[in-house]
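Student: Here is a sequence with its predicted model. Questions after.
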Amino acid sequence: MDRYELRRLDYSLTEDHEALQAAYRDFFKTHCPIETVRAAEESGFDKSLWERLCTMGATTMALPQSVGGDGATLVDLTLVAEEIGRSLAPVPWIDHVCAARLLARLDALEADVVNGKQLAAFDPQHDNVSGVRLIPTGSIADQIVVRDGPESQDIVRLTFGTRPAKVDNTGRLPMAWVDPASADSRTVLASGTRALAEYQRALDEWRVLTAAALVGLVEETMTIAADFAKTRYTLGVPISTLQGISHPLANIAITVQGGRIWRAAQPGFWTTSLKNARSWRRRRSCSWQRKHPRPRRCVCMSRAAWVFLRRRRLRLIWSAPAGGRWPEATPAPVPSTSPSSSRRAKVVQERAHKWISLRFSCPTPTRPSSTRRATSCARMSQTM
């Protein structure tokens, strides 16, 4: 792979994607406040919220149209998963969707699983595929899809008359230890290399959707911390101007964007074929990048200095009372009309331009230490 291939691809969302993300964000803000999350900590599942989510079509959108679904792509699913992680929604949507898509590919999907009346789960472990297993939604699932041992190539569906007991965990998930040997019914869905390949595909989809949920969770945490840092004052200044606060927030912002790019770069995330992506990359590299070369870091600037300047720029933008907005999901504060605020905004803007110019320019080389000492001695003698 070309080292610049992922950098040249366009991962921006379309208007339909943004509308879908906004719809689910409004849904969870309305029906999943923090009180709902805390009320569901004991079981890790809110049945009322799950029924509302199924009525909205969140379970059918992930399935192909041949089985009664809407044929949504993995991009659409990651947007929904990100909003679920942002709101800490106590619903097993990710596990249910991945298991339902697996059952649809194996021609073993039931109507109750499509509409969400029955919860489906599967074992997301790759190595430990024998004996008792820890299933993330094992205490509330009606049917569980697992692999039948490391040597076998069978994909088996398990059902239990009495659901396994929930295991206490920090995330308050409906986790449970499941023993396939103690299942009430055991049905072999498929076997062979094709079945194992489809199971591995479901596992990859589960990892991508889980990563998207974690991105939404971390971004919402960052937004809450940033809002608090802007309104909390110490010694007459916001605590967001302190390096001990602003630098960790800048690191979190970079981590969130990196996680979102990693999620988008996974195989199968985009429906565009590799051939079309490469042709688009060639057209862009020939037409745009030759006219506008990408600015590079100066050779004489160390990596540590470049990272420090970038963090200072992010810290400045973060703490600016009248400049831009950071992060993008947080609206910018209304600038004050007082003379002191205008002067501070002007100083902040001038410093931002100065640091941005330092980011793409070569720093002034320092003179030898002997020259510096001679110059300082000459200046001292002149002043005396």
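Tutor: In hand now; what should we look at?

Student: switch to C-alpha atoms for all contacts and neighbour counts from now on
Tutor: Will do.

Student: quick one: the strands in this protein?
Tutor: Per DSSP state E, the chain carries strands over the ranges 120-122, 133-135, 143-147, 154-159, 176-178, 185-191, 233-234, 237-238.

Student: what about those, which gets the closest to Glu42?
Tutor: With Cα to Cα as the measure, strand 176-178 is the member of the strands of the chain nearest Glu42 (13.4 Å).

Student: about what we covered before: from the strands of the chain, which stretch is densest packed?
Tutor: Most buried of those by mean neighbour count (mean count of other Cα atoms under 10 Å) is strand 120-122; its value is a mean of 28.

Student: pLDDT averaged over it, what's the number?
Tutor: Across strand 120-122, pLDDT averages out at 92.

Student: Give me the helices and strands touching it, please.
Tutor: With contacts taken as 3 or more Cα pairs under 8 Å, 6 or more residues apart in numbering; DSSP states H and E, strand 120-122 sits against helix 93-105, strand 143-147.

Student: Return the list of strands paired to that strand, each annotated with direction.
Tutor: Strand 120-122 has the following strand partners under DSSP bridges: strand 143-147 (parallel).

Student: What average pLDDT does the strand it pairs with get?
Tutor: For strand 143-147, the mean per-residue pLDDT is 91.

Student: orientation of it relative to strand 154-159 in degrees?
Tutor: Note on geometry: by axes from the mean of the first three to the mean of the last three Cα atoms, to 10 degrees, strand 143-147 and strand 154-159 are set 160 degrees apart in direction.

Student: what does strand 143-147 contact?
Tutor: Contacts of strand 143-147 with the rest of the structure, by Cα atoms under 8 Å, 6 or more residues apart in numbering, involve 99, 118-123, 129-130, 138, 153-160.

Student: ditto for stretch 193-202
Tutor: For stretch 193-202, the surrounding residues in contact (Cα under 8 Å, 6+ apart) are 98-99, 101-102, 105-106, 153-155.

Student: re the thing from before, could the helices and strands packed on strand 120-122 be laid out in TSV, adding distance to Arg207?
Tutor: Rendered in TSV, the data for these read as follows (distance: least, Cα to Cα, whole Å):
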stretch	distance to Arg207
helix 93-105	10
strand 143-147	16
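
Student: Figure out which of those is closest to Gly236.
Tutor: Closest to Gly236 of the helices and strands packed on strand 120-122, according to Cα to Cα: helix 93-105, at 45.9 Å.

Student: what's next to the closest one, contact-wise?
Tutor: 59, 62-64, 67, 81, 109, 113-114, 119-122, 137, 145, 198-199, 202-203, 205-206, 209-210.

Student: got any ranges where this structure has weak pLDDT?
Tutor: Regions of the chain meeting the criterion pLDDT under 70 cover residues 1-11, 127-128, 261-384.

Student: Throw the strands of the chain into TSV and include distance to Arg260, thanks.
Tutor: Formatted as TSV, the entries for these read as follows, by distance: least, Cα to Cα, whole Å:
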stretch	distance to Arg260
strand 120-122	25
strand 133-135	26
strand 143-147	29
strand 154-159	32
strand 176-178	30
strand 185-191	34
strand 233-234	32
strand 237-238	29
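
Student: neighbour-wise, which of the contacts of stretch 193-202 leads?
Tutor: Counting neighbours by other Cα atoms under 10 Å, Ala99 comes out on top of the contacts of stretch 193-202 with 29 neighbours.

Student: Could I have the buried ones of the contacts of helix 93-105 as PyMOL selection syntax?
Tutor: When burial is assessed using 16 or more other Cα atoms under 10 Å, the buried subset of the contacts of helix 93-105 is captured in PyMOL by this command:
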select buried, resi 59+62+63+64+81+109+113+114+119+120+121+122+137+145+198+199+202+203+205+206+209+210
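
Student: now, which of the contacts of helix 93-105 lie within helices?
Tutor: Of those, the ones assigned to helices by DSSP state H are 81, 113-114, 198-199, 202-203, 205-206, 209-210.

Student: In TSV, list those along with distance to Ser12.
Tutor: Compiled in TSV, the ones in helices among the contacts of helix 93-105 are given as follows (distance: Cα to Cα, whole Å):
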residue	distance to Ser12
Ala81	17
Val113	33
Val114	30
Glu198	29
Tyr199	30
Ala202	25
Leu203	25
Glu205	20
Trp206	22
Leu209	18
Thr210	20
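
Student: Name the nearest of these relative to Thr14.
Tutor: Of all those, the one with the least separation from Thr14 (Cα to Cα) is Ala81, at 17.3 Å.

Student: nearest spatial neighbour of that closest one, skipping sequence neighbours?
Tutor: If the residues on either side of it in the chain are set aside, Ala81 comes closest to Ala213, at 5.0 Å by Cα to Cα, 6 or more residues apart in numbering.

Student: Verify the stated contact: the one you found with Gly85.
Tutor: Yes - between Ala213 and Gly85 there is a contact at 4.1 Å, judged by Cα atoms under 8 Å.

Student: Quick one: neighbours of Ser182, just the number.
Tutor: Ser182 has 12 neighbouring residues, counting by other Cα under 10 Å.

Student: quick one, helices of the protein?
Tutor: Remark: helices of the chain, listed N- to C-terminal, are 5-8, 15-31, 34-39, 47-55, 74-87, 93-105, 111-114, 193-231, 243-264, 274-287, 303-319, 339-359, 369-383; assignment by DSSP H.

Student: got a list of what Ile252 touches?
Tutor: Shown here is Ile252, whose contacts under the criterion Cα under 8 Å, 6+ apart are 218, 222.

Student: 6 Å instead, please
Tutor: With contacts taken as Cα atoms under 6 Å, 6 or more residues apart in numbering, Ile252 has no neighbouring residues.
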